[in-house]
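Peer 1: Test case, fold it:
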Amino acid sequence: MTAVRSKPETTTLVTLTVLRTERISTNFARVTLGGGDIEQFVPMGFDQWFRLFIPITDPESLGWVPSKLDTFSYLKYLTHAKTERPVLRNYTVRAHRPDGPQGPELDVDFVLHGSAADGTAGPAASWAQTCAPGDVVAILDEGIGFRAEPQAEAVLLVGDETALPAIAGILESLPRATTGRALIEIPASDDRQDVDAPDGVEVTWVIRANQADHHDTPGRAVLDAALALPAPTPGTYVWVSGEQTLPVALRRHLVRGGMAKDDVTFSGYWKAPKRH
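Peer 2: Numbering: from 1, shown residues only. Down below sits the predicted model:
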């Protein structure tokens, strides 16, 4: 994904506050951010992503976050104790509205693996379940990974639930004449979301709970669905992300089938723990 990434014109630390939260489905929570420096955030569409810094002790700890993240600044950030420094995670813009009731708004969707109540959720998912209006976070915009130029006439988009916000953003940003398919794996049927896809792009929801052989193994069911498709037509551009086995395996399959490497953008968003 780094090879085709489009970076923002300027990157600076943007401090935001929580405006509201919503449990939108069984496995997703949505946090709406705004206020603070929101006017400095420039929406780019597609799979725009950012570094999210969540204070876990004192909001003043956001002062330790660098305005640009490079090797030196990251190492300096790591000098602060893990129990005190803000949590750092990567997230995707689910939606940006320039005209919210209190000004511009930024929606961020969190996959809820585990529960904050019983301590089984990670720090970001726990925060998404427990944060309240007025809580402060900071973000560093990192731009988009989708190859927006040159525009492809046809696309194949594939991802597990962690890639759902990115695929939704891509679908909404594509030219309306685009054709192709989007395959999105989700844990449960009510995790489907309304997406604004071009009329010529077919959206398929692969529900993991219905796949007995792949239950609790994110990405495997949608990988099988993608492998079962006919070979992409010439000129198709493929974007695939999610648990790292999915993008690596699908890219290998497509390239072995004759697809040019430059026509496949892939990223491993996360790595599933090994099963014993």
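
Peer 1: alpha carbons only for contacts and neighbour counts from here, please
Peer 2: Noted.

Peer 1: quick one, helices of the stretch 101-250 of the chain?
Peer 2: 123-130, 164-173, 220-227, 245-256 (DSSP state H, counting those that start in this stretch).

Peer 1: which stretches of the chain have low pLDDT?
Peer 2: Residues of the chain that meet the criterion pLDDT under 70 lie in 1-4, 116, 211-216, 275-276.

Peer 1: can you pull out the strands in it?
Peer 2: Using DSSP state E, the strands of the chain run over 14-25, 28-34, 49-54, 87-92, 95-100, 103-111, 136-143, 154-159, 179-186, 200-207, 236-243, 264-270.

Peer 1: and the fourth one, what other elements does it pack with?
Peer 2: If I follow you right, that is strand 87-92. strand 49-54, strand 103-111, helix 123-130 (3 or more CA pairs under 8 Å, 6 or more residues apart in numbering; DSSP states H and E).

Peer 1: And the ones you listed: which comes nearest residue 166?
Peer 2: Closest of the helices and strands packed on strand 87-92 to residue 166 is strand 49-54, at 8.2 Å (criterion: CA to CA).

Peer 1: relative to helix 164-173, how tilted is the closest one?
Peer 2: Relative orientation of strand 49-54 and helix 164-173, computed by axes from the mean of the first three to the mean of the last three CA atoms, to 10 degrees: 140 degrees.

Peer 1: thinking again about what came up before, closest to residue 144 out of the helices and strands packed on strand 87-92?
Peer 2: With CA to CA as the measure, strand 49-54 is the member of the helices and strands packed on strand 87-92 nearest residue 144 (6.3 Å).

Peer 1: tell me what the closest one is packed against?
Peer 2: strand 87-92, strand 136-143.

Peer 1: Now do residue 255 against residue 42, distance only.
Peer 2: Residue 255 sits 35 Å away from residue 42, going by CA to CA, to the nearest Å.

Peer 1: Right, I'll call it a day here.
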